[in-house]
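Chemist: I'll drop the sequence and a predicted model, then ask my questions.
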2 protein chains.
Amino acid sequence: MTLVAPDPLTRRCLSQRRKALGDALDGKPALIFAGLPRPRNYAAAAYPFRASSHFVYLAGLSIPGAAILLHGDRATLFAPPHDPDHALWHGDEPDPDEIAAWIGCHHAPLGALPAALAALAPMTLPTPDLAGCAAASRLLGRSIAPGRLDDRDRPLALAMICARLIHDEAAVAHLRLAADAAARAFSAGLAATRPDRPERDVRAAMIGALLAEGLEPSFSPIVSVHGEVLHNPSSRGVMRSGDLLLVDFGAESEGGWASDVTRTWPVSGRYSPTQRAIVEVVLAAQAAAIDALAPGARYLDVHLTACRALAAGLVDLGILRGDVDGIVEDGLHALFLPHGLGHLLGLDVHDMEDLGDLAGYAQGRARSAQFGLGYLRLDRDLTPGMALTIEPGFYQVPALLAPDSPLAMRAGDRLDRARLADFADVRGVRIEDDLLITPDGGEPLTRAIPKQINEIEHLMAGDLQPQEAP
Amino acid sequence: MTLVAPDPLTRRCLSQRRKALGDALDGKPALIFAGLPRPRNYAAAAYPFRASSHFVYLAGLSIPGAAILLHGDRATLFAPPHDPDHALWHGDEPDPDEIAAWIGCHHAPLGALPAALAALAPMTLPTPDLAGCAAASRLLGRSIAPGRLDDRDRPLALAMICARLIHDEAAVAHLRLAADAAARAFSAGLAATRPDRPERDVRAAMIGALLAEGLEPSFSPIVSVHGEVLHNPSSRGVMRSGDLLLVDFGAESEGGWASDVTRTWPVSGRYSPTQRAIVEVVLAAQAAAIDALAPGARYLDVHLTACRALAAGLVDLGILRGDVDGIVEDGLHALFLPHGLGHLLGLDVHDMEDLGDLAGYAQGRARSAQFGLGYLRLDRDLTPGMALTIEPGFYQVPALLAPDSPLAMRAGDRLDRARLADFADVRGVRIEDDLLITPDGGEPLTRAIPKQINEIEHLMAGDLQPQEAP
C-alpha cells in the first residue's frame, strides 16, 4: 500500500463507515491507531508498512503512526508531520492535511492528540504491533496490548465487527480487485509449472505477477508438492512429474483488501486417475458447501455439509466404510480433512482474527472440543454482504493416519488402508474460493480462476508446449 | 531465511565466532536473542521472520523466539519447543536439538532459560522488535528496548562490533553470494527496462529473479526515474525514453548477508551527452574513492576524496566555479551530493545500525554538524576484513538548489545556474559498489555488475531488440 488518493466510491464509503461507527457508539469517542512500522534488521530497515486493518477500514490508507479520532459525527486524522529534511529523502509526498482531505477527515497534527484527548478517555483497539500498542498505552494512560481486548473497549470491538462483517460497495469492489489480481497470478503460476524444477519457480512467477501490478500477496503463499503439510511456506521442494502442486495464494488490493485462493494441479499437466478421483471428491464437497450458502444458514452446518460430501465421496471410492452421517458425527472425516471449511475474508485474509473469535463466532458460540472441528474459524449465521472462503481438502497426514493415532483407532475398520494405498499419489488437495453472501446465496468472487479438471488440463496443455526451462 | 543446515565452512566459522566473543567477554555471560515474528495484520499473519543480526551472526539461522547463551566456552541454544500439533501444520521440520547440532551448540528448551539464568545476570543486546525486547526484559528483569543500549551491556556491544567489523571466511563467502545474486537481478532489471512502461516492471523483474532463487531483497529497493528523491521505494512512476532509471537494490544471501548496489541507466538504452558527462563524473568520483581505500585510511578522508573528485568534474563541466578544495571545505559539493559516501555492510545493509553510530564511528569521532557531512554513516580507519559501500551520486534536488536555500546562498556565483540548466535531463545518478578491504586495498565484491557507459549501452542494445511489451 502506498499513499495514493482513494477513488470516489471508496472515499464516499469511508465517510459512511466512520459515520455508521460513530452512530453505533452513541456519541462515545473512539481512537483507532494505524500502528508503527515493524523493523526488520533495525529501525530504518523496516518491513513494508501495513496499518492496522481497523485503521485502513476508516482511512482507506496505511499512514504510519497516525490515528483517527471518532467523536459523534466528527472524524479527525492525527498524522505525524514530515521531518524538516523529508523532501530531500522522500520527495514531494502528500502532506498530512492533503491526505486528510482525500479521505474526507478533519486533520490535526499528531502532537495535538494529547490535548484533544484531555478528559475524553476514548475506547480503542489494539494494533497488531507491540510498538503501536505501547504508543497507544502512553497516550491513553492505560495498558493496551496486541490481541488483548480490554473490557472497556469491547463495545467498540463489537461495533467494528458489526460494521466490517458486512461489506459495503467499495469493500466489494476491492475484494473483486484482489480476486482478479489473484487470477492473473494463478495464470502465471500454471504457466511456470515444469517437472523437475523447484517449487519456487511457481512462487516467484505468482508473486512477480503481483509486484508487476504494484501489489503484494495478502499472506505468505503456500506453493508445495507436499500439500499435506497445511502451513508450508518454504517452497524449498522440487516438482516431479507425478506430483500434485498445491498453491494457496492471495493478493492484497491497493486499498488493502484480500483474496485467498487454493488450487491443486498436476505438475505433468495431467492428473492421474487416482488424483482425478480425489479432486472430483473435493470439488463435489466444495460445490455442496457453496450450494448450502444462503442468508440465515449457519456456517458450522455448511462445514458439516462439506464434510458429509467428502465422506460420501471417500465411501464411494472405498477409502472409508460405513454410514456417512455416522462417520461425520464421529469426526472421522478429519482423518483427511482436519481443518475448518473456511473463514471470514476482508481487509485481513482471516478477517478480524486480531480480535480472536469475537468476529468469527456468533455470541454464545464457541469452538468445538472435537479434533478437526476445533480448527473451524467461523460459526456465524450468514448475512448478505459477508465474504468468506470455502476450502475443503483431502490430505494424507502421516501423524493422523498412523495406526496408533486417536482418530485412526476410533475409525478402526471404517478406514480401508489397503484401498487408501491405491491413492498414494494424492498427498494433499485443497480447493478454495472466495464467496460473497448475497440474498440469493454465495457469489464466487474467484470464479475466473480455473478449478475443474478439464479446464486445468486444457490450460496446461496449451502452456506446456516444449520450451526452454527458465 | 529458512531453516536449513549451514554449510561446513559457515558451521566452523560460527563456532569460532562464539568462541572469540566468549573470550572477548572474559568469562562474563551474554544472552543474544533472535527476536519474535513481526505481525502484519495479526499474530498469525506475520512478515517473513528475520532474526536479530547479532543472533544470526552466532547461529547462522533465524529461529523465532530463540536465544543463545554464551558463558565461557559454552554456547547453548535455547529454542522454543514445537507445539503438539506442529507436525500437522508445519510438517516434518527439524527439531530444536537437531538445529543446535547443525550449528554446533548445546541445546536446552526455552523453558529452561529462567533457571539457567539464575544468578547469571548476563549482558544482552536489544532485538530490533519491541516484542522481542519485552520478552527479554521479562526474562532478565530489567528494561531492554530497541535501539537503546544499557551501560551494563556496552562491553558486549563493543565486543560484538569488534567481531562483526572484520568479516571471516564464511561471512565473505556469503557477501559474495549476496553480490552475485544482485548481479543476476540487475541483469533481469536491465532486460526489463522499456520506455513508456511502469518502473514496477523493473522492480518486479529484479525481485522475481531473487524469489526464483529462494532469496529476498536485503532492503526495500529503489527503482525510480526520480533518482533525486533519495529514498523513494514506491516505484509508481512511468519510465520515459529520455529518463535515467536509478536502481538501488540488494540481495540477502540464504544465510542472511547483504549486498547493496546502485546503477543508473538510460531508459532508452542510450545516455544523452549530458547524461554521459555526469555519469562519467560520478564514475570518476567512485574510482577515486575506491583507489583511496587501504588499510589505515580514514573513511571520512575517502568520502572527501570522492567529494573533491565530484567537485572537480563539475568544475570541468562548468556547473561549479572556483577552487575545488574551497568548494569542498565550504560543503558546496553537497548541493549535488548531500549524502554520505557509504556505510558498513554485513548482515545488515547498514551494518549494525541498530547500535547507532557505535559501529560506524570510531571511538572519539562523531557526526559533523555540516550539512551533507552529517549524513555520513561511517568514519573509521579501515582494516582488512571490513566491508563497505562506495556510492557517490549527483542529484538535482529542488529544495537544495532553490535560490534561497542556505547552501545555494553560500555558493553564490560559484554555482553556474545557466550551465546547470543544460543538464536538466540528469535528475539523479548514483553508482554504488560493495567493497572488501584487503591488505592491498578495496576489492569490489560487485564487479560483475556492469557500470561503465559502454557496457550498459552494449547490454541494453542486445536486450532491446524489438520485442513484445510484457
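Modeler: Everything's here; your move. Numbers count the residues shown, from 1 in each chain, chains lettered A, B, ... in the order given.
Chemist: so after the lowest-mean-pLDDT helix or strand in chain A, what's the next helix or strand?
Modeler: Least confident element among the helices and strands of chain A, by mean pLDDT, DSSP states H and E: helix A:86-90 (a mean of 77). Using DSSP states H and E, the helix or strand that follows helix A:86-90 towards the C-terminus is helix A:96-102.
Chemist: touching chain B at all, the longest helix seen in chain A?
Modeler: Longest helix in chain A, counting residues (DSSP state H): helix A:169-191. No - on the criterion Cβ under 8 Å from any Cβ of the partner chain, helix A:169-191 is out of touch with chain B, staying 10.0 Å away. C-beta here means a position set from N, CA and C on the backbone, and glycine is covered the same way.
Chemist: then stretch A:421-435?
Modeler: No - residues of stretch A:421-435 are not located near chain B by Cβ under 8 Å from any Cβ, the shortest gap being 10.2 Å.
Chemist: so who does the residue in the stretch 351-470 of chain A that chain B sits nearest to touch?
Modeler: Among the residues of the stretch 351-470 of chain A, A:Asp354 lies closest to chain B, at 3.9 Å counting by Cβ to the nearest Cβ. Neighbour list for A:Asp354: A:52-53, A:125-126, A:128, A:146-147, A:348, B:41-43 [criterion: Cβ atoms under 8 Å, 6 or more residues apart in numbering or on different chains].
Chemist: leaving out the residues flanking it, which one is nearest to the residue of the stretch 51-200 of chain A found nearest chain B?
Modeler: Per Cβ to the nearest Cβ, the residue of the stretch 51-200 of chain A with the smallest distance to chain B is A:Gly91, at 3.3 Å. Leaving aside its chain neighbours, A:Gly91 sits nearest to B:Val229 (3.3 Å; criterion: Cβ to Cβ, 6 or more residues apart in numbering or on different chains).
Chemist: and A:Ala369, what does it touch?
Modeler: Counting by Cβ under 8 Å, 6+ apart, A:Ala369 has no contacts.
Chemist: how much space between it and B:Asp83?
Modeler: 17 Å (Cβ to Cβ, to the nearest Å).
Chemist: and the residue of chain A positioned farthest from its centre, how far is that from B:Gly340?
Modeler: Going by Cα atoms, centre = their mean, the residue of chain A most distant from its centre is A:Pro84, 39.1 Å out. Using Cβ to Cβ, A:Pro84 is found at 18 Å from B:Gly340.
Chemist: next up, phi/psi of the most centrally placed residue in chain A, please.
Modeler: In chain A, the C-alpha nearest the mean C-alpha coordinate belongs to A:Val349, at 1.7 Å (Cα atoms, centre = their mean). Here is the backbone geometry of A:Val349 (degrees, to the nearest 10): phi -70, psi -40.
Chemist: right, is stretch A:62-74 up against chain B?
Modeler: No - using Cβ under 8 Å from any Cβ, stretch A:62-74 stays clear of chain B, with a minimum separation of 10.8 Å.
Chemist: mind giving me the domain split of chain A?
Modeler: Domain segmentation of chain A under automatic domain parsing yields A:8-165, A:169-463.
Chemist: now do the buried residues in the least confident helix or strand of chain A.
Modeler: A:87-90 (16 or more other Cβ atoms under 10 Å in any protein chain shown).
Chemist: same question for stretch A:65-79.
Modeler: Quick answer for stretch A:65-79 (16+ other Cβ under 10 Å): A:65-71, A:75-79.
Chemist: distance-wise, check the residue lying closest to A:Asp83 once chain neighbours are set aside relative to A:Arg40.
Modeler: Leaving aside its sequence neighbours, A:Asp83 sits nearest to A:Trp89 (Cβ to Cβ, 6+ apart; 8.0 Å). A:Trp89 is 19 Å from A:Arg40, where distance means Cβ to Cβ.
Chemist: and if you look at A:Gly372?
Modeler: 36 Å.
Chemist: same deal with A:Arg74?
Modeler: A:Arg74 is 37 Å from A:Arg40, by Cβ to Cβ.
Chemist: one more: A:Leu337?
Modeler: The value you get for A:Leu337 to A:Arg40, if Cβ to Cβ is used, is 36 Å.
Chemist: ok, A:Val324 next?
Modeler: For A:Val324, the distance to A:Arg40 equals 50 Å [Cβ to Cβ].
Chemist: repeat for A:Leu110
Modeler: For A:Leu110, the distance to A:Arg40 - Cβ to Cβ - is 24 Å.
Chemist: quick one: which of these two has more around it?
Modeler: Neighbours per residue (other Cβ atoms under 10 Å in any protein chain shown) separate A:Leu110 from A:Arg40, with A:Arg40 holding more: 27 against 17.
Chemist: so that one sits against B:Tyr47, correct?
Modeler: Yes - between A:Arg40 and B:Tyr47 there is a contact under Cβ atoms under 8 Å: 7.4 Å.
Chemist: point out where chain A drops to low pLDDT.
Modeler: Chain A contains residues with pLDDT under 70 at A:1-2, A:463-470.
Chemist: again, only using 90
Modeler: Applying pLDDT under 90 to chain A picks out residues A:1-4, A:81-95, A:118-119, A:230-234, A:370-372, A:462-470.
Chemist: close to chain B, is stretch A:335-345?
Modeler: Yes - looking at stretch A:335-345 against chain B by Cβ under 8 Å from any Cβ, the contacts come from A:Pro338.
Chemist: okay, that stretch in PDB with CA atoms only?
Modeler: Once non-C-alpha atoms are left out, stretch A:335-345 reads as follows in PDB (Å, rounded to 0.1, in the frame of the first residue of the first chain):
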ATOM      1  CA  LEU A 335      -8.600 -38.100   9.100                       C
ATOM      2  CA  PHE A 336      -8.500 -36.500   5.700                       C
ATOM      3  CA  LEU A 337      -9.900 -33.000   6.300                       C
ATOM      4  CA  PRO A 338      -8.500 -31.900   9.700                       C
ATOM      5  CA  HIS A 339      -9.100 -28.200   9.200                       C
ATOM      6  CA  GLY A 340     -12.100 -25.900   9.100                       C
ATOM      7  CA  LEU A 341     -14.000 -25.300   5.900                       C
ATOM      8  CA  GLY A 342     -13.100 -21.600   5.800                       C
ATOM      9  CA  HIS A 343     -13.100 -18.200   7.400                       C
ATOM     10  CA  LEU A 344     -14.200 -14.600   7.100                       C
ATOM     11  CA  LEU A 345     -12.400 -12.600   4.400                       C
END
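Chemist: starting at the chain centroid, how far to it?
Modeler: Stretch A:335-345 has its C-alpha centroid displaced from the chain centroid by 13 Å (Cα atoms, centre = their mean, to the nearest Å).
Chemist: same deal with stretch A:6-22?
Modeler: 23 Å.
Chemist: ok, stretch A:253-270 next?
Modeler: Worked out by Cα atoms, centre = their mean, stretch A:253-270 lies 12 Å from the chain centre.
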